[in-house]
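Trainee: coordinates only, sequence not included:
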């Protein structure tokens, strides 16, 4: 069965540190890839997405993600985190199919120390 | 424009009662999803609609849970004989499908319904 793995369950960083959150998926075909963020008390919102083209995707708030097809990975990065980046981050994958759904990883909780 | 809306925003019910949760997707979105998010947990997929049909109901935890969608728009999630373990935030999301590739686009989430079973 198709799955999405986020190996980091809880990451704690200091402000200005660099961030990389891992995401791996199990499907070998053509995929769409997403990162969603849920700030405390708010609902899920899209951070960035990859459909095709340049595998390095820029998102909102200085986030970026790189699709490495050979590694089945779509890791999220930010060069310098801020306290306001404290949130839960979810990776999601949709495989190319006429009737497929979007599958979410279990999420990574990011805590930033001021 | 209008996003995904859900009602009620909060629902407190007694154990054993039935509840209905409503989702209004973004107009024109053919795909609709229900998820459950328990405290400190990730997203638990419940059911996926494409139009009015549900090709994937694999996430419904028991036969007490059911969902329907009418007119390719509004969806209701019904939980019968609620139990305390049903307490969670129930999220609805919708997405469109590309006219050229057929791929589903990103999901837009509603604010959720917080269900508390006492």
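Mentor: That came through, no problem. These figures come from a predicted structure and were not determined experimentally.
Trainee: buried ones in the lowest-mean-pLDDT helix or strand in chain B, by neighbour count?
Mentor: Least confident element among the helices and strands of chain B, by mean pLDDT, DSSP states H and E: strand B:53-56 (a mean of 87). By neighbour count with 16 or more other C-beta atoms under 10 Å in any protein chain shown, strand B:53-56 contains the buried residues B:54, B:56. C-beta coordinates here come from the backbone N, C-alpha and C atoms, glycine included.
Trainee: just checking, what packs against that strand?
Mentor: Packing partners of strand B:53-56 (3 or more C-beta pairs under 8 Å, 6 or more residues apart in numbering or on different chains; DSSP states H and E): strand B:43-50.
Trainee: quick one: name the residues of chain A near chain B.
Mentor: Within chain A, the positions near chain B by C-beta under 8 Å from any C-beta of the partner chain are A:32, A:34, A:36, A:43-46, A:49, A:51, A:90, A:92, A:94, A:96, A:98-107.
Trainee: now which of those would you call buried?
Mentor: For the residues of chain A next to chain B, a burial check counting by 16+ other C-beta under 10 Å picks out A:32, A:34, A:36, A:43-44, A:46, A:49, A:51, A:90, A:92, A:94, A:100-107.
Trainee: filter the residues of chain A next to chain B down to the ones in strands?
Mentor: Within these, residues falling in strands by DSSP state E are A:32, A:34, A:36, A:45-46, A:49, A:90, A:92, A:94, A:102-104.
Trainee: so residue B:77 is in contact with residue B:61, correct?
Mentor: No. Between residue B:77 and residue B:61 there is no contact under C-beta atoms under 8 Å: 11.7 Å.
Trainee: between these two, what contacts are shared?
Mentor: Counting by C-beta atoms under 8 Å, 6 or more residues apart in numbering or on different chains, the residues touching both residue B:77 and residue B:61 are residue B:46.
Trainee: please identify which of those two sits among more neighbours.
Mentor: residue B:77 (24 against 13; other C-beta atoms under 10 Å in any protein chain shown).
Trainee: in the sheet, which strands lie alongside the strand or helix carrying that one, parallel or antiparallel?
Mentor: In this structure, residue B:77 sits in strand B:75-79 according to DSSP states H and E. Partners of strand B:75-79 in the sheet, by DSSP bridges, are strand B:19-24 (antiparallel), strand B:65-69 (antiparallel).
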